[in-house]
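A.B. asks: Need a 3D model of the sequence below.
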Amino acid sequence: MPLPKAELHLHIEGTLEPELAFELAARNGVELPYADSDELGKAYDFQDLQSFLNLYYELMAVLRTERDFEDLANAYLARAAAQGVRHAEIFFDPQAHIARGIPMGTVVEGLWRALGSSEQNHGVSTRLILCFLRDESAESALETLEAAKPYLDRITGVGLDSAEVGHPPVKFREVYEAAASLGLRRVAHAGEEGPPEYITEALDVLGVERVDHGLRCMESPELVERLVRERIPLTLCPLSNVRLRTVDTLADHPLPAMLDAGLVCTVNSDDPAYFGGYAGDNFDAVRSALGLNEDRLRELARNSFLASFLEDDEERRARYLAEVEAYEFS
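C.D. replies: Have a look, this model is predicted:
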């Protein structure tokens, strides 16, 4: 049995495995520019963030109906559960679908078909987080939030993702203020490729409660001190960092130094179909490459539940934390 954990940094579109992509393409009459799933799998060996994003958006063409989004989410939840995920806070990118003519309702209703029954079917509790694409306009983000209003009973928070450099958090001040007024939780990608200043801006301007990635905070001792003092969680994605060349090798990852500094780090998979591993695979990889002992692994698992948006269900959070403490490593 794997170590119980929460996954807090997971893009549902990034869980589209080649086999499912071809299955959905056939269902919807979409022609992919690849002979088969094996050839498509080779295309997953991209060189940087932009080449990954190009493929990522290209493959979204197969997602057309509520059933497609339901199948996508169920496939992820089954894999996550098998790797010890007990709670998942799942990102989705509505702008990328709306731009293709897929209504917000199709995306949310389809995902919710899987998420709404996830506890019964997979033993995984869930939250849904709507992400704005930072390389789109601030006006588009506001329009997206407006389109999401009929579905806010199913959406816990908002996030900010896609190409980071050149798109500082301040660009999205207005939509984050609007999200806060609606009672939505707030997270944002910052400090993956962008500078430490983006992390500070996300905290001060957007009011984020959790920083996605946040890797480059280590370049600023003052920022590290603040993150430790304010107990701001970071949702790290080690295998993603290696695939996107943010770190050269997993052995170079600063995770041990970040934990030693007192940062509230969590380990997540990001876009697991593309980056070579789901949540449990990331835990196994850092345990092996970085020599993390059982206490450190337990700390990471504990952090994941403490950093989750389970304030509305503290009894569940306490139960998950008890599972972590009772876990016996093999």
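A.B. asks: quick one, strands of this structure?
C.D. replies: 5-11, 85-92, 125-133, 157-161, 185-190, 210-213, 234-236, 265-267 (DSSP state E).
A.B. asks: tell me the angle the third one makes with strand 5-11.
C.D. replies: Looking back up the chat, that one is strand 125-133. Inter-element angle recorded for strand 125-133 and strand 5-11: 30 degrees (by axes from the mean of the first three to the mean of the last three Cα atoms, to 10 degrees).
A.B. asks: Pull the distance from strand 125-133 to the chain's centre.
C.D. replies: Strand 125-133 sits 8 Å away from the centroid of its parent chain (Cα atoms, centre = their mean, to the nearest Å).
A.B. asks: May I see the buried residues of that strand?
C.D. replies: Residues of strand 125-133 classed as buried: 125-133 (neighbour count, 16 or more other Cβ atoms under 10 Å). C-beta here means a position set from N, CA and C on the backbone, and glycine is covered the same way.
A.B. asks: my read: residue 53 touches residue 162, true?
C.D. replies: Yes: counting by Cβ atoms under 8 Å, residue 53 touches residue 162, with 6.6 Å between them.
A.B. asks: would TSV of the strands of the chain with distance to residue 57 and mean pLDDT be doable?
C.D. replies: Rendered in TSV, the data for those read as follows (distance: least, Cβ to Cβ, whole Å; pLDDT from 0 to 100):
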stretch	distance to residue 57	mean pLDDT
strand 5-11	12	98
strand 85-92	14	98
strand 125-133	10	98
strand 157-161	12	98
strand 185-190	16	98
strand 210-213	19	98
strand 234-236	22	98
strand 265-267	26	98
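A.B. asks: now these in CSV, with distance to residue 220?
C.D. replies: Formatted as CSV, the strands of the chain follow (distance: least, Cβ to Cβ, whole Å):
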stretch, distance to residue 220
strand 5-11, 21
strand 85-92, 26
strand 125-133, 25
strand 157-161, 20
strand 185-190, 12
strand 210-213, 13
strand 234-236, 13
strand 265-267, 16
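A.B. asks: List the contacts of stretch 208-218.
C.D. replies: 8-9, 159, 161, 176, 185-192, 194-196, 199, 202-203, 223-224, 227, 232-237, 241, 246-247, 254, 257-258, 261, 263, 307 (Cβ atoms under 8 Å, 6 or more residues apart in numbering).
A.B. asks: Mark which of these are buried, thanks.
C.D. replies: Looks like these have 8-9, 159, 161, 176, 185-192, 194-196, 199, 202-203, 223-224, 227, 232-237, 241, 246-247, 254, 258, 261, 263, 307 buried, using 16+ other Cβ under 10 Å.
A.B. asks: quick one, phi/psi of the closest residue to residue 233 other than its chain neighbours?
C.D. replies: Closest residue to residue 233 apart from its sequence neighbours, by Cβ to Cβ, 6 or more residues apart in numbering: residue 307 at 3.4 Å. Main-chain dihedrals, residue 307, degrees, to the nearest 10: phi -80, psi -10.
A.B. asks: Spit out the contact partners of residue 307.
C.D. replies: Counted by Cβ under 8 Å, 6+ apart, residue 307 has contacts 6, 8, 210, 233, 235, 264, 266.
A.B. asks: The last one and residue 236, how far apart?
C.D. replies: Right, the one you point to is residue 266. As for residue 266, its distance to residue 236 is 6 Å (criterion: Cβ to Cβ, to the nearest Å).
A.B. asks: One more: the third one?
C.D. replies: When distances are taken as Cβ to Cβ, residue 210 and residue 236 turn out to be 12 Å apart.
A.B. asks: ok, now the second one?
C.D. replies: Using Cβ to Cβ, one gets 10 Å for the distance from residue 8 to residue 236.
A.B. asks: okay, and the common contacts of these two?
C.D. replies: Common neighbours of residue 8 and residue 236 (Cβ under 8 Å, 6+ apart) are 266, 268.
A.B. asks: re earlier: what residues do residue 266 and residue 236 have in common as contacts?
C.D. replies: Joint contacts of residue 266 and residue 236 (Cβ under 8 Å, 6+ apart) are residue 9.
A.B. asks: Give me the angle between the longest helix anywhere in the chain and strand 125-133.
C.D. replies: Taking DSSP state H as the criterion, the chain has its longest helix at helix 66-82. If you take the same axes, to 10 degrees, helix 66-82 sits at 120 degrees to strand 125-133.
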